[in-house]
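> 3D, please:
(chains A and B)
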Protein chains: 2
Amino acid sequence: MITDTAPSRARAGGRSARRAIRTAPKFDMLPGLTRALPVCEVMDGAQVERIDAASMDILENVGVQFRDPIALEDWKRAGARVAGEMVYLDRGLVRELIATIPETFTYHARDPQKNVRLGGRHSVFVPMTGAPYLRDLDDMRRNPTLADLEMFHKLSHMMPALHSSAHHIVEPYDHPISQRHLRITYSSMKHSDKMFMGMTTSPKNAEDVMEMCAILFGADFLEEHPVTTGNCNGNSPLVWDETMLGAMRAFCRRNQPVLCSPFVLGGANTPASVPATVAQLNAEALSALAYTQVIRRGCPAIYGHYLSTVSMKSGAPMAGTPEISLMNFMIGQMARFYCVPWRTSNTLGGAKTFDAQAGYESATTLSAVIHAGANYIWHSAGWNEAGMHCSVAKFVVDAEQCAMAHRMASGPQWDDFDEALAAIPDVGPGGHYLGHPHTQENFQTAFFMPELFDNNSIEQWVADGSREITERALIHARRLLDAYEESRLDPGVNEALLDYIARREREIPAADALNQEY
Amino acid sequence: MITDTAPSRARAGGRSARRAIRTAPKFDMLPGLTRALPVCEVMDGAQVERIDAASMDILENVGVQFRDPIALEDWKRAGARVAGEMVYLDRGLVRELIATIPETFTYHARDPQKNVRLGGRHSVFVPMTGAPYLRDLDDMRRNPTLADLEMFHKLSHMMPALHSSAHHIVEPYDHPISQRHLRITYSSMKHSDKMFMGMTTSPKNAEDVMEMCAILFGADFLEEHPVTTGNCNGNSPLVWDETMLGAMRAFCRRNQPVLCSPFVLGGANTPASVPATVAQLNAEALSALAYTQVIRRGCPAIYGHYLSTVSMKSGAPMAGTPEISLMNFMIGQMARFYCVPWRTSNTLGGAKTFDAQAGYESATTLSAVIHAGANYIWHSAGWNEAGMHCSVAKFVVDAEQCAMAHRMASGPQWDDFDEALAAIPDVGPGGHYLGHPHTQENFQTAFFMPELFDNNSIEQWVADGSREITERALIHARRLLDAYEESRLDPGVNEALLDYIARREREIPAADALNQEY
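So this is what the prediction gives:
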């Protein structure tokens, strides 16, 4: 965030490293979140075991459909019972396979200062992706271009609480769909030096992403270090398709993690029950997590999901509802039970504009996923209209909300407790603290001051133009973009990436949309 | 909430009592919340003891100012060291006094079906109070009248998750300030049969409230049963004034609970430190809680606070910030450490309109106070603009948010888990659940469907008039008010209340504002 904090003041006083981080220039990325809050556990041990047993029963007896010949062969070799496209997974095999998934690992970014740890108490915020529309800098809803995507990658680079520039935050409609993944990946790499996500829209596209990562980081480096993340959605109930499984193989063979994400519309493609939905989702996630280890033992992998409940009136997905929060708490418990890092979704919502509904939905979701102990917190900025558009205004506000959640989840700071207590007799009953030296020295770091909330009097607010948060956020986004400075790619790497893209664009027919089964 | 649920369907099937509650006609009050979620504890036992020790040191050595001759005499008799207006409380005395505060108790409402338990795992939602402005049914910001207050009491009566009609939700400016408390109390009693709050704007006003409660419930009944709540704000740091202490005595002598509420603007009237702010607030709350037991041993009393942090730029109170959430978690731990019910504030925020800022602030606060385990959750509907106005639109949306929080905090429902699991093999991989009998029977109760969130497609939303949440909420509020049916007071009681008001209005000069030191 832009503030008036002079760097000299921020560095004054030689205080603790944590305080230095908290007063650093406000474009700097916050370190990966290490959560100090206890997790919200709504199940006791016996209930966790009940979910586990129910999921294992599903895997053994109902089975999971893998609509992919290679995966079916892989499963046969791994010892699963395969009948047609149905795979029946013995619980012993599942437990043996998922046991080799690392509980924590480090993502490596282009700027090594921006590496982040994932799993256990370690969490990251990643912006939304996949929007076919945006609400732009004028709050106009329209189809996005590559320039719009670049804008979101720049904002991702600058917002301190975002740890990733993700991938296709918005879909660049001005590029052919068959070649789009190349431009998306390049923009992620070029406009931010944070980690990013990799397209999984087809196995071939995923291979292109891996090749570009090999150019950026070196092929050998990839073998040992996670540098990107793919998302593989399941088709709930209990189906994985060829596109997703092929992309999964492309990532796992290079030792790059994927999110194993059942796509849950609670009540429509799961039972009308919170615990039974969790049991099904858990079975689905486990089946894919196990398959990552069939592909490559020890490859990092992430327990994922997209999770909504469905309106009985309209069939529309809902967000910010109590059952989604409860399921997040429960799924977090299951992921920890299996010692696997866990991805969930943040800031989901169905509002059509950036109105109060969007605020309630996003804040409710953010709070739930923090208390649930999520690790890979995706869709953390910009999501609106059930993912149909990414809003610039909401993007910067959400990112500031993540910064506040980062602060909250880091827990209270006790380092100057005695010093602060000493101010109480100094000030005494009826006094005030603003002039006290301890206050003067600590106020800027003791209490978070949001840039995008207006807390002035109504008179001041009117004098400032009676601006609601959408307008203020768009002004803020323009200021950020004006201040953007590119963290330049090594020229040789840049050239190699552009050469690769040029070659692949010659090879891939612009009109070939057949391999785009997202 | 109004829904299309036919009562016959809601009663069909003879399912569990809980399910019956969940499908009851939607104006019915939800039972008092019995929280099943674990509380968020950010301090370990040693840190709780550190806060306790710091607070006791403050009480013993810094002292608390009681600006009230009667309280000073009371404290001398109780064995405290008193010097001028300063009272020094030995930790042994404090612990002995607060030990007699009931850990839980039952509030009695005019309709005994609406009695609610408070303390421990038992929580209630109470609307905001004290707004000098409202945003009305046309979203116009203006001074309120008694008719506006009556409207809010009617809405409080109808919103299922609100357990109280509170008192002066908005200030009825069309009545003389010196007589206003009579009309406010009558409106609370008449337009809702839920519990309500009692004015504490002066000791005499508090006595009037007690007299009116005695008319409504019987004087003897009051002696044994809490029926209302007063709020007594402290002047942080470490001051209690004559107005609040006098009102406190009026309530406690009749065995009616008060909220002992330090008024904290974190950083301005407390140290610039989260734990030190909690230590001071805790000392302040303890001093008043102890005094309630000097007034009457065993009288119920509630650990309270108003809590914000202050912007260093403007001095304005902030809400929805990470430190406020953390302090809520910590204060909840302290209240539980002392085994005293705990009041906090919900839906606080500084937005000037019902924009996304208001949504983020309210939802963040609601989530924090639920995870913190708050019991008396005040300001749960309508608060905006730092309490300067109560918004009709926000009132009904906040109340629905409370209903969602009620559902979430009640935890997952396991009663039909096996039955729901049995649907999974029925449906099988790639199937869908909407037609399954278990879904048909359980969908309405399995997943909360908010009335005031729009989750339709943008095309449907445009066809419906492109209405943002403010407009939809105001339409909803008008529909509610059209459907309002008064739960009539006993005619004799009603006449006695009106006689009392008429007599007191003759006795209290309309122009006498001198006793209105709120």
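> Check which helix or strand A:Asn233 maps to.
A:Asn233 is located in strand A:228-235, with elements delineated by DSSP states H and E.
> which secondary structure elements does that strand contact?
If contacts are counted by 3 or more C-beta pairs under 8 Å, 6 or more residues apart in numbering or on different chains; DSSP states H and E, strand A:228-235 sits against strand A:196-198, helix A:203-217, strand A:239-241, helix A:242-253, strand A:258-266, helix A:274-295. C-betas here are computed from N, CA, C, even on glycine.
> Go ahead and name everything in contact with that strand.
Contacts of strand A:228-235 from elsewhere in the structure, counted by C-beta atoms under 8 Å, 6 or more residues apart in numbering or on different chains, are A:107, A:126, A:164, A:195-200, A:206, A:209, A:213, A:240-241, A:244-245, A:247-248, A:250-251, A:256-263, A:284-285, A:288, A:302, A:304, A:306, A:376, A:378, B:430.
> Recalculate using a threshold of 6 Å.
When contacts are defined by C-beta atoms under 6 Å, 6 or more residues apart in numbering or on different chains, strand A:228-235 is touched by residues A:196-198, A:200, A:213, A:240, A:244, A:247-248, A:251, A:256-259, A:261-263, A:284.
> So for the residue in the stretch 51-200 of chain A positioned nearest to chain B, what's the nearest residue that isn't a sequence neighbour?
Of all residues in the stretch 51-200 of chain A, A:Gln65 sits closest to chain B, at 4.0 Å by C-beta to the nearest C-beta. If the residues on either side of it in the chain are set aside, A:Gln65 comes closest to B:Pro429, at 4.0 Å by C-beta to C-beta, 6 or more residues apart in numbering or on different chains.
> how many other residues sit next to the one you found?
Neighbourhood size, B:Pro429 [other C-beta atoms under 10 Å in any protein chain shown]: 22.
> ok, it touching A:Arg67?
No. With contact defined as C-beta atoms under 6 Å, B:Pro429 does not reach A:Arg67; the gap is 9.4 Å.
> Looks to me like A:Ser178 is in a strand.
No. A:Ser178: not assigned to a strand; according to DSSP: H, G, I helix; E, B strand; the rest coil it is coil.
> if you skip the residues just before and after it, what's nearest to the residue in the stretch 101-250 of chain A that chain B sits nearest to?
For the stretch 101-250 of chain A and chain B, the shortest gap (C-beta to the nearest C-beta) falls at A:Leu238, measuring 3.8 Å. What sits nearest to A:Leu238 in space, not counting adjacent residues and going by C-beta to C-beta, 6+ apart, is B:Pro429, at 3.8 Å.
> next one: phi and psi at the one you found?
Note on B:Pro429: its backbone torsions stand at phi -60, psi 130 [degrees, to the nearest 10].
> could you pull out the helices for the stretch 401-518 of chain A?
For the stretch 401-518 of chain A, helices defined by DSSP state H, counting those that start in this stretch occupy the ranges A:417-427, A:437-446, A:458-463, A:469-483, A:491-507.
> which residue packs closest to A:Cys402, ignoring adjacent ones?
Excluding the flanking residues, the one nearest A:Cys402 by C-beta to C-beta, 6+ apart is A:Ala161, at 3.8 Å.
> separation between the one you found and A:Leu366?
11 Å (C-beta to C-beta, to the nearest Å).
> if we look at stretch A:33-46, which residues are touching it?
Residues external to stretch A:33-46 that are found in contact with it (C-beta under 6 Å, 6+ apart): A:121-123, A:329-330, A:333, A:371, A:373, A:406, A:409-411, B:38, B:41, B:411.
> where's that stretch relative to the chain centroid, distance-wise?
For stretch A:33-46, the gap between its own C-alpha mean and the chain's C-alpha mean amounts to 19 Å (C-alpha atoms, centre = their mean, to the nearest Å).
> what's near enough to touch the closest residue to chain B within chain A?
Relative to chain B, the nearest point of chain A is A:Gly359 (2.3 Å; C-beta to the nearest C-beta). By C-beta under 6 Å, 6+ apart, the contact list for A:Gly359 reads B:Ala356, B:Gly359, B:Tyr360.
> Dump those to a markdown table, plus secondary structure and pLDDT.
Written out in a markdown table, the entries for these read as follows (DSSP: H, G, I helix; E, B strand; the rest coil; pLDDT from 0 to 100):
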| residue | secondary structure | pLDDT |
| --- | --- | --- |
| B:Ala356 | helix | 98 |
| B:Gly359 | helix | 98 |
| B:Tyr360 | helix | 98 |
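> Let me know the closest of those to B:Gly79.
Distances from B:Gly79 to the contacts of A:Gly359, taken as C-beta to C-beta, are shortest for B:Tyr360 (48.5 Å).
> The closest one against A:Ala363, yeah?
Yes. The pair B:Tyr360 and A:Ala363 qualifies as a contact (C-beta under 6 Å) at a distance of 4.5 Å.
> just to revisit the earlier point, helix/strand/coil for the residue of the stretch 51-200 of chain A closest to chain B?
Using three-state DSSP as the criterion, the local structure at A:Gln65 reads strand.
> what's across from it in the sheet?
According to DSSP bridges, A:Met86, A:Val239 are recorded as the beta-bridge partners of A:Gln65.
> That one touches A:Ser287, doesn't it?
No. At 9.7 Å, A:Gln65 and A:Ser287 do not qualify as touching, with contact defined as C-beta under 6 Å.
> Could you measure from A:Leu480 over to A:Leu474?
11 Å.
> Around chain B, which positions in the stretch 201-350 of chain A sit nearby?
Of all the residues in the stretch 201-350 of chain A, those in contact range of chain B (C-beta under 6 Å from any C-beta of the partner chain) are A:237-239, A:267-268, A:271-276, A:280, A:309, A:311-312, A:314, A:316, A:318, A:321-323, A:325-326, A:350.
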